[in-house]
Structures are given as C-alpha cells and as structure tokens.
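Chemist: when you get a sec, could you give me coordinates for this:
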Amino acid sequence: MQSESIKSSELILTPEGKIYHLNLAPSELAPTVITVGDPGRVEMVSKYFDSIEVKAEHREFKTHTGNYKGKRISVISTGIGPDNIDIVFNELDALVNIDFENRTIKKKLTSLDIIRIGTSGSLTDEIEVDSFLISAIGIGLDNVMHYYNDIDTIFERDFAQKFIDHTQWNPDNSVPYAVKADKSLLEKLSSDKTFKGITITNVGFYGPQGRVLRARLRDENLNEKLTSFRINKKKITNMEMETATMYGMSKLLGHSAISMNAIIANRATGSFSKNSYKTIDELIQYTLEKIVQ
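Modeler: Numbers count the residues shown, from 1 in each chain. Next up, the predicted model:
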C-alpha cells in the first residue's frame, strides 16, 4: 500500500482543501451516494430529502448531501460517459480513503454504497418503455478499466470472450470486459417491479450505439449482434454509457455499486417514453425507499 505523500499534481485539491472536480471536502460526502448523469436531476432526488446540508458544484459535477428518513445521502451528477465515471469514482474514493492533510492513504479504508439512477434504452421488446431495470452485469465497451492493474480479479473473462466471439469484435476497438453488480445491493433494490438485465456500456451516443445520421458505421449490424447474443439463456437487455465502468471502478477500489435504469427508449420497437420525467421520478422514489429499508 502506498505510504509516501501523494504529489499535488496527482491529488489535486482546491485552496479550500476540497477535491478538485467534485469540489467537496471529506466531511461533505455521505456513506451512501446516488449518482445521476444530468446535473438537473440532482434536484429531482434531493427534493425528497428531509434536509439538505451541502450544495456544491463545479463544471458538470453537482452535489447535494442531506438526510432522507434518517439516512445521510449524497446525490452527485457525473455527466455523460465512462471517462467521467473515472473522475467521479476516483475522487469519491479519495474523499473517504485519503488523508488530505498529509496526502497519504488511510490505514483503515471505507467502503461506499454507490447507486446509479440513470436512463437507458432497451434492446428487447420484452422490456417496454417506462420499466425499471437493474443491471446484474455490465459489458464495458470503453477502455477506462484497461488502464488499471489487478483487473483480472474483477472481470468475468469467459463472459466477455463469448461476447467478443459472437459479435466478431473489431480488434481496432477497445477489448470488451464484463463486471458483475454488487450482490448485496442487487438483492436489496430488486423487487417484482424491476427487471434484472445484462447492460452494455458504450462510449458514445450515436455511432457506438448504432445510430446513423450522416456518418456511416463500420459495423452496421452491431446492434443485431447485441440482440442475438445469449449466455446461459440470458440476453443483453439494454444499453447506456456508465454502468460497466462504474462496476469496474467500484470493485477495484473496494466499494459497492448498483445501476438502476429507467427505460425511456426501446430500440427494438423504435418507441420512446411519452413522459420520461415521470418515469425517472418514480424510479427515484422507488430507489430512495429501498435504500432506507
């Protein structure tokens, strides 16, 4: 374990002693963290808090920390994409596991519960718009996790290889990986109102997700390959842009993470939610109640 002081170029703190991107001090972060993509969605969560003690903001990263039915919770916006998850999860971990005064890793480490409340598109007509889906496993098509060591302990290698073989994966792309959700949080937040699924985490919204406007795709059949993939009679259910990286970073750093998805689009049927705000709001209320049970 690293014992020497971490250089200021690596652990960047503000003049007020707060972590740079999130603009938070260690005391301002709760042990239970809800992440949302859209900064505007932070208020959608915190409006249900009984009290708010902290409001912080820097760039796309916005945080409210408060109490909900006796439980201290922070809700943080991550922005879009795996690269932002790398920033947020490293800084969340630093807030609880690095001593900012002497810039050393603490001897006793803290594990956070991190729950994503996000939007997603279904890849199967069995999961209709306005449904709730929990990602039991994430398949990452990004390259973030490949920069880190010790990933063999967290990757589901056989699962990922079957995916690579089935899709005839382009070797010029990042190597896909697969990571499971935290088992305890998966059980805690599941119910008869939720689907459990296999989630694709992609690196972009248009070409990487098979959308064509003017730029042509290299593999025009990728989405068809995704929908036809099967493993242990289970299929890929949805696609978004944070889950697998979130699962990988949380396991690498010793935290627990789960991804809650509001299905607002169905790529198989071409449909989109008529009231996505209502669906997201209902998922927020469902998740908050599950957290405090």
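Chemist: residue 134 pairs with what?
Modeler: With DSSP bridges as the criterion, residue 134 is bridged to residue 196, residue 260.
Chemist: how many residues are close by it?
Modeler: Using other CB atoms under 10 Å, residue 134 has 22 other residues around it. In this view, the C-beta of every residue, glycine as well, is placed from N, C-alpha and C.
Chemist: mind listing what the nearest residue to residue 159 once chain neighbours are set aside touches?
Modeler: Using CB to CB, 6 or more residues apart in numbering and skipping the chain neighbours, the partner closest in space to residue 159 is residue 178 (4.2 Å). Listed by CB atoms under 8 Å, 6 or more residues apart in numbering, the contact set of residue 178 reads 137, 138, 139, 140, 155, 156, 157, 159, 160, 163, 244.
Chemist: who touches whichever strand or helix holds residue 279?
Modeler: Following DSSP states H and E, one finds residue 279 within helix 276-292. Contact with helix 276-292 is made by 32, 34, 41, 44-45, 48, 68-71, 73, 115, 117, 119, 129-130, 132, 188-189, 191, 193, 260, 262-264, 273, as judged by CB under 8 Å, 6+ apart.
Chemist: list only buried entries from the residues you listed.
Modeler: Buried members of the contacts of helix 276-292, scored by 16 or more other CB atoms under 10 Å, are 32, 34, 41, 44-45, 48, 68, 73, 115, 117, 119, 129-130, 132, 188-189, 260, 262-264, 273.
Chemist: and residue 140, how many residues sit next to it?
Modeler: Based on other CB under 10 Å, the number of other residues close to residue 140 is 29.
Chemist: is it in contact with residue 248, as I believe?
Modeler: Yes - between residue 140 and residue 248 there is a contact under CB atoms under 8 Å: 6.5 Å.
Chemist: overlap in contacts of those two?
Modeler: Residues touching both residue 140 and residue 248 by CB under 8 Å, 6+ apart: 177, 179.
Chemist: residues contacting residue 190?
Modeler: Neighbour list for residue 190: 134, 196 [criterion: CB under 8 Å, 6+ apart].
Chemist: which phi and psi does it have?
Modeler: Main-chain torsions, residue 190, degrees, to the nearest 10: phi -80, psi 150.
Chemist: for PyMOL, what selects the buried ones among the contacts of residue 178?
Modeler: Buried residues among these (16+ other CB under 10 Å), as a PyMOL selection:
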select buried, resi 137+138+139+140+155+156+159+160+163+244
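Chemist: please flag which of the contacts of residue 178 sit within helices.
Modeler: Under the assignment DSSP state H, the contacts of residue 178 contribute 157, 159, 160, 163, 244 to helices.
Chemist: can I get those residues in CSV with pLDDT and distance to residue 146?
Modeler: Listed next are the ones in helices among the contacts of residue 178 as CSV, based on pLDDT from 0 to 100; distance: CB to CB, whole Å:
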residue, pLDDT, distance to residue 146
157, 94, 13
159, 95, 16
160, 95, 12
163, 95, 16
244, 98, 12
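Chemist: ok, of those residues, which one's closest to residue 219?
Modeler: Residue 219 has its nearest neighbour among these in residue 163, at 14.0 Å by CB to CB.
Chemist: the closest one contacts residue 228, correct?
Modeler: No - counting by CB under 8 Å, residue 163 does not reach residue 228; the two are 11.5 Å apart.
Chemist: contact partners for the residue lying closest to residue 7 once chain neighbours are set aside?
Modeler: Distances taken as CB to CB, 6+ apart place residue 103 nearest to residue 7, at 7.8 Å, with adjacent residues excluded. When contacts are counted by CB under 8 Å, 6+ apart, residue 103 touches 5, 6, 7, 8, 11.
Chemist: quick one: which of those residues sit in strands?
Modeler: Among the contacts of residue 103, no residue falls in strands (DSSP state E).
Chemist: show the buried residues in those.
Modeler: Counted by 16+ other CB under 10 Å, those give 6, 11 as buried.
Chemist: nearest to residue 198 among the contacts of residue 103?
Modeler: residue 11 (35.7 Å).
Chemist: below-threshold pLDDT in this structure: ranges please.
Modeler: 1-3 (pLDDT under 70).
Chemist: for residue 131, grab the count of nearby residues.
Modeler: 23.
Chemist: please name the nearest non-neighbouring residue to it.
Modeler: The shortest distance from residue 131 to any non-neighbouring residue, by CB to CB, 6+ apart, is to residue 263 (4.5 Å).
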